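*Asks:* what follows is a predicted structure for the sequence shown.
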Amino acid sequence: YAQELRATENKFLASQLSYREEMLLRWARQQVKRFDVVSEVLYNSSSKLTQVSHRGRGMAPRLPPSSRVSIQSRLTYREGDVVAIRVPNIENEVQILRVIAEPRTEMISDDIPPRELVLEGSEYWLEADNSSANVQDSRHFGPVGASDIIGRAVNVEFGGTKHPIMHNSSIFIYNNSYFI
């Protein structure tokens, strides 16, 4: 009986230690998030807007063809953000797409058989809102590195008027982000 009691005590102490480690890890993650928020605010307040021409129908009806989009550089991007990118392997080609998955996201393709994909620390999965518009996005050229992202769309100008960019709800993005 004494051996069972000691074994139970050891398991309890081990679980307490792992609980403490878990709480310490949670606290450290919160501190990192706070630091990220402060640095993001400072960086974003100092970055300027860049104008990009949007020609395609890939983001229709949200962004009409032949409109100008104001882009603001950021340190990080979130699911649902509309961003301008330098298209990989095509020189001087800029495209507007939506962030579907952030770095370190696990995804499963809808290929047969399905394949698993884990985005690296600085990779984003980007897709056009209007997939029927024959637009090249991450389904064609794969994940996009943060260095190829020019910035987040702030507003769009068409018809002589600037309009704010509207983002999809996080529920919509969540429900559709598991398939490549």
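*Replies:* Structure received.
*Asks:* quick check: phi and psi on Val94?
*Replies:* phi -110, psi 140 (degrees, to the nearest 10).
*Asks:* quick one: the helices in this protein, in order.
*Replies:* 2-46, 138-141, 170-176 (DSSP state H).
*Asks:* so what's Thr161 scoring on pLDDT?
*Replies:* Looking at Thr161, its pLDDT is 77.
*Asks:* which residues of the chain score low on pLDDT?
*Replies:* For the chain, applying pLDDT under 70 flags the ranges 1-2, 5, 9-19, 32-47, 111, 133, 165-180.
*Asks:* quick one: contacts of stretch 129-136?
*Replies:* Residues from elsewhere that reach stretch 129-136, judged by Cβ atoms under 8 Å, 6 or more residues apart in numbering: Gly56, Arg57, Gly58, Met59, Ala60, Pro61, Arg62, Val87, Gln95, Leu97, Arg98, Ala128. Any C-beta I mention is one placed from the backbone N, CA and C, and that applies to glycine too.
*Asks:* tell me the buried residues within those.
*Replies:* Taking 16 or more other Cβ atoms under 10 Å as the criterion, what is buried in those is Gly56, Arg57, Gly58, Met59, Ala60, Arg62, Val87, Gln95, Leu97, Arg98, Ala128.
*Asks:* quick one: which of the residues you listed is nearest Leu25?
*Replies:* Nearest to Leu25 out of the buried ones among the contacts of stretch 129-136 is Arg98 (Cβ to Cβ; 31.9 Å).
*Asks:* for the closest one, give me its contacts.
*Replies:* Met59, Gly80, Asp81, Val82, Val83, Leu126, Glu127, Ala128, Asp129, Asn168.
*Asks:* what do you get if the cut-off is 10 Å, keeping everything else the same?
*Replies:* 58-59, 62, 77, 79-83, 125-129, 137, 153, 167-168, 173 (Cβ atoms under 10 Å, 6 or more residues apart in numbering).
*Asks:* from the residues you listed, which ones fall inside strands?
*Replies:* Val82, Val83, Trp125, Leu126, Glu127, Ala153 (DSSP state E).
*Asks:* next, count neighbours for Val154.
*Replies:* 15 (other Cβ atoms under 10 Å).
*Asks:* use 54 as the first number from now on
*Replies:* Sounds good: first residue 54 from here, last item Val207.
*Asks:* ok, now which ones touch the most centrally placed residue in the chain?
*Replies:* Residue closest to the mean C-alpha point of the chain, counted by Cα atoms, centre = their mean, is Glu155 at 3.2 Å. Contacts here follow Cβ under 10 Å, 6+ apart; on that basis Glu155 touches Thr129, Tyr130, Arg131, Glu132, Asp134, Leu172, Glu176, Tyr177, Trp178, Ser230.
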